[in-house]
Structures are given as structure tokens and as C-alpha cells.
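# any chance you could fold what I've pasted below:
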Amino acid sequence: MVKRDLSYGALPEQKLDFYDCGKHDAPLFVFFHGGGMEAGNKGNGDERAFLELNESGISVAAADYRMYPSAKFPDFVEDAALCVAWCRDNLPHSILTVGGSSAGGYLSMMLAFNGRYLEKYGIDSYDRTQIAGYFFDAGQPTTHFNVLRERGLDTRLVRVDEAAPLYFIEEPKSPETLPNYEFVVADNDMAGRLEQTELLCRTMFHVGYPDECVTFTYMEGYTHTGYCGVVKDGRSLYADMIRNFITR
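This next block holds a predicted model:
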């Protein structure tokens, strides 16, 4: 059953679709769409994957959020945090996982590594009993190119500051309680996306993230998020990737 346009906040953009698998104790995956924080929506062509996840006993909350040109950093990150908190409080689930594709991957990284966004709602982003895992699909670990544009900078530049997930990677206080993290990136991804993702993962290992909680998935032969709509043997490849992450 799909429940459309549930409000997780007071603003018109703060809506989600709840793909309810029908089990009160099912895992819940909160998903943020791509589009550079300037395009896309909570459907965004991923509905087949969400419905297949339902068949596997996983519920999905696919969310919209404020975008450019009306939004400014960090409006969209604040929306993502509000959405996760609302889902925690209002949707049935056993465990909660968070993820997204491209811009949604960036938003998920910001929630995962800058703890202040979820801390506002009493959620410890580094505690797997609260957030079991984060699925980062082709997100930008450095300052997002459209945040650079907002600042009047060349979007090709690399900046690592308070708008960059990489900026917040530091030695974890409790490595034994960390969530699981999966990073997905294609060999023919956007310029620099593969190398920046490798740098983020390497930095995590360097400061003490345990090997077993970090997975790097290299999608050979694909362009940026080009695997998301692929169907193999009658099944969504993307749904299988997400299901394998959540149930591992």
C-alpha cells in the first residue's frame, strides 16, 4: 500500500510517500531523491525499486524537500533531518535506515557525519540503535556543486567546509556502536565523484572507523546513478542493492 503526500512538516515541499509493506515491525528505509537540490521529486523513477522492497518486507518513505532556487543551504539538509525525525515518530518500523541518490546521497551524508542536524531532534546519528545504517548512492562528499553556485563560485571547484560531509569525518567516540555505511559510485560517474568518495572512505578508515561497518560498492560500466533503473532477471538491481544493505 502506498500512502501519498504525507506531511512531515508545515511547508508545502515537506511531503513524503510511504510505501508500507504491511508489517508493523519491518525495517524502514528513508530515501531522498537526486536532482542537484534543484530538480527531481520523491518518485523520480525509483518506484519499482520501492515496491520490490515492499515485497521483501521493507517499508520505504520517499521524501521531497526544499530545493533551489527558493531554498538556500542548509534548508534542504534541515528538511532531511526533520523528515527522519518525523518518520521515527510516526511510521511503524523495527530499524531505521537512511539513504539517497546523488543529491539525496549528499543529504544523507550530511545527516550521518554532521551530528547537529539530527541531534536537534534527539537522534544520535552515530548510534546504530537509532539509525541502523546509511546508504549513500553517488553523493558528493565535498561541498555540493550547487552550494558553490549559491556562493557565486565555479561549480567545478573542490571545497571542504561546513557544507561538505568530508569536513566532519573525525575519530568516532564509540566505534563499536556505529551504524553501517555503504558508498555506491560508478566508474564513469561525474568528474571527481569516484576519487572524492574514495578519499572520504580512506579518511574514515584512517581515523578509526572499523572496516566491517564501511562498504564501498564500485559500479563498473555505469555512469552517474545509471544502475538505478536497471532490471536484471526481472528484478530491480537498485532494490537488490538496498535490500542487501539493510538485511546484511
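# quick one, what contacts residue 20?
By Cβ atoms under 8 Å, 6 or more residues apart in numbering, the residues touching residue 20 are 1-3, 54, 59, 92. For glycine as for every other residue, the C-beta is placed from the backbone atoms N, C-alpha and C.
# brain fart, residue 215
By Cβ under 8 Å, 6+ apart, the neighbours of residue 215 are 180-183, 245.
# what strands flank the helix or strand bottoming out on mean pLDDT in the chain, and is each parallel or antiparallel?
Lowest mean confidence among the helices and strands of the chain (mean pLDDT, DSSP states H and E): strand 231-232, at a mean of 92. Using DSSP bridges, strand 231-232 pairs in its sheet with strand 235-236 (antiparallel).
# show me where this structure has strands.
Ranges of strands in the chain, per DSSP state E, are 2-7, 15-19, 28-32, 59-63, 96-101, 133-137, 180-188, 214-223, 231-232, 235-236.
# which of the ones you listed sits closest to residue 49?
Closest approach to residue 49 among the strands of the chain is made by strand 235-236 (4.4 Å; Cβ to Cβ).
# which other residues reach that closest one?
Strand 235-236 has contacts (Cβ under 8 Å, 6+ apart) with 48-49, 52, 230.
# out of the residues you listed, which end up buried?
For those, burial is judged from neighbour counts taken by 16 or more other Cβ atoms under 10 Å, and it is met by 49, 52.
# residues contacting residue 227?
Neighbours of residue 227 in contact, by Cβ under 8 Å, 6+ apart: 186, 219, 237-238, 241.
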